[in-house]
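Enquirer: Make a model of this:
(2 chains)
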Amino acid sequence: KNEVEQSPQNLTAQEGEFITINCSYSVGISALHWLQQHPGGGIVSLFMLSSGKKKHGRLIATINIQEKHSSLHITASHPRDSAVYICAVRGNTPLVFGKGTRLSVIA
Amino acid sequence: DSGVTQTPKHLITATGQRVTLRCSPRSGDLSVYWYQQSLDQGLQFLIQYYNGEERAKGNILERFSAQQFPDLHSELNLSSLELGDSALYFCASSVVSGRSNEQFFGPGTRLTVL
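Expert: Coordinates of the predicted model:
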């Protein structure tokens, strides 16, 4: 079993839809990261969380430490949000990654 | 632009060869991380350096080695290359080596082994 599980693997949405991507992990962590990888390959760090909730523009990330679960929400989705979203946790090693969620937002 | 630079952007080489990937961290960042992203394995942590010293080791093969120089740039050396080493190699940097520090990723080096 992978230490970090993401769902769904693939997601197609219409522009304007509210999107949720889930991440569950099985190890004790000090922080959880949400990353965005664009089709060109570059990786951007969206959030780093150790508790509660963070918001940046249309993106919201939450984490429940007791349930070992985090969600990434995108409000009013736009085609430019199309990317792979990767959850990563920091425990005893710098980062352990989920396999990513491929999001396509259609106009 | 994260401020982390990696060279080269693309590298095509043959099996059995040796290559060196280079990473310059953001100004002021002391910690450098190397990651490999392959189609079948996803992103995996390889190795971390902090202020010139190895800090943590992940799934790094014995054929691979890295170092961080006094000016804090880092190099990842891959030798006796195999087809399966074809991947995107990312470098990331952070200010310190603590357990909860944000990492900033470079654009990656795409290695193709033929």
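Enquirer: Helix or strand: which one has residue A:12?
Expert: Element membership for residue A:12 (DSSP states H and E) is strand A:10-14.
Enquirer: How far does the following helix or strand past that strand sit from its chain's centre?
Expert: Per DSSP H and E, strand A:10-14 leads on to strand A:19-25 as the next helix or strand towards the C-terminus. In this view, strand A:19-25 has its centroid 6 Å away from the chain centroid, taken as Cα atoms, centre = their mean, to the nearest Å.
Enquirer: other SSEs contacting strand A:19-25?
Expert: Packing partners of strand A:19-25 (3 or more Cβ pairs under 8 Å, 6 or more residues apart in numbering or on different chains; DSSP states H and E): strand A:4-7, strand A:10-14, strand A:31-37, strand A:69-74, strand A:83-90, strand A:101-106. No exception for glycine: its C-beta is placed from N, CA and C like everyone else's.
Enquirer: For these, give me a markdown table that also has distance to residue B:92, mean neighbour count and mean pLDDT.
Expert: Output for these, formatted as a markdown table (distance: least, Cβ to Cβ, whole Å; neighbours: other Cβ atoms under 10 Å in any protein chain shown; pLDDT from 0 to 100):
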| stretch | distance to residue B:92 | mean neighbour count | mean pLDDT |
| --- | --- | --- | --- |
| strand A:4-7 | 17 | 18 | 95 |
| strand A:10-14 | 26 | 13 | 97 |
| strand A:31-37 | 10 | 22 | 94 |
| strand A:69-74 | 19 | 20 | 98 |
| strand A:83-90 | 11 | 23 | 94 |
| strand A:101-106 | 20 | 17 | 97 |
